[in-house]
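Participant: Predicted model and sequence below, questions to follow.
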Amino acid sequence: HEAAEKMYKRALHLDPDNVNTLCNYGWLLHDVRRDHDGAEQLYKQALWVDPNHVMTLCNYGALLHEYLHDIKGDLHDVEKMYKKALRLDKNHVDTLNNYGLL
């Protein structure tokens with residue numbers, strides 16, 4: 001996973017606003033490294049660049065679902081994120097799956 005992280009950092013150095021790289025690196029930090037703060041920062045940056053990036057909405061929703069559910073049990077923001085992603089792509093399988101887990 002260290003090699004992947006190096007590649008993501010290099011890619012962001014070359015193109016800091018690449019939404020796909022921000023999203024994928026965020027997922028690596030979230031799912032593999034369990035670095036929720038780092039992942040959230042990358043997801044927020046990706047959504048700042050493209051507020052309609054469906055995969056980032058899906059992944060950020062998953063992070064918030066896990067994090068907020070564990071911390072406060074408040075899932076309203078998670079649901080809003082998933083609904084927005086599904087308005088943009090009603091057949092986005094990952095989002096449908098995640099939304100179904102709420």
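Facilitator: Received the coordinates, thanks.

Participant: Please save the CA atoms from the biggest helix by length in the chain in CSV.
Facilitator: When the chain is scanned for its longest helix (criterion: DSSP state H), the result is helix 54-71. Below are the C-alpha coordinates for helix 54-71, written out as CSV (Å, rounded to 0.1, in the frame of the first residue of the first chain):
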residue,chain,number,x,y,z
VAL,A,54,-20.5,10.8,-8.0
MET,A,55,-17.8,8.4,-6.8
THR,A,56,-16.5,11.0,-4.3
LEU,A,57,-20.0,11.6,-3.0
CYS,A,58,-20.4,7.8,-2.6
ASN,A,59,-17.1,7.3,-0.9
TYR,A,60,-17.4,10.4,1.3
GLY,A,61,-20.9,9.2,2.3
ALA,A,62,-19.5,5.8,3.2
LEU,A,63,-16.8,7.5,5.4
LEU,A,64,-19.4,9.7,7.1
HIS,A,65,-21.7,6.7,7.6
GLU,A,66,-19.0,4.8,9.3
TYR,A,67,-17.6,7.8,11.3
LEU,A,68,-20.9,9.6,12.2
HIS,A,69,-22.7,6.4,13.0
ASP,A,70,-19.9,5.4,15.4
ILE,A,71,-19.6,8.9,17.0
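
Participant: for that helix, packing partners?
Facilitator: Counting contacts by 3 or more Cβ pairs under 8 Å, 6 or more residues apart in numbering; DSSP states H and E, helix 54-71 is packed against helix 19-27, helix 36-49, helix 76-88, helix 93-100. In this view, the C-beta of every residue, glycine as well, is placed from N, C-alpha and C.

Participant: List the buried residues in the second one.
Facilitator: So that's helix 36-49. In terms of neighbour count (16 or more other Cβ atoms under 10 Å), helix 36-49 has its buried residues at 39, 40, 42, 43, 45, 46, 47.

Participant: Farthest-apart pair in these, please.
Facilitator: Maximum pairwise distance among the buried residues of helix 36-49 (Cβ to Cβ): 12.5 Å, between 39 and 47.

Participant: Give me the neighbour count for residue 67.
Facilitator: Counted with other Cβ atoms under 10 Å, the neighbours of residue 67 add up to 16.

Participant: so what's residue 89 up against?
Facilitator: 54, 95 (Cβ atoms under 8 Å, 6 or more residues apart in numbering).
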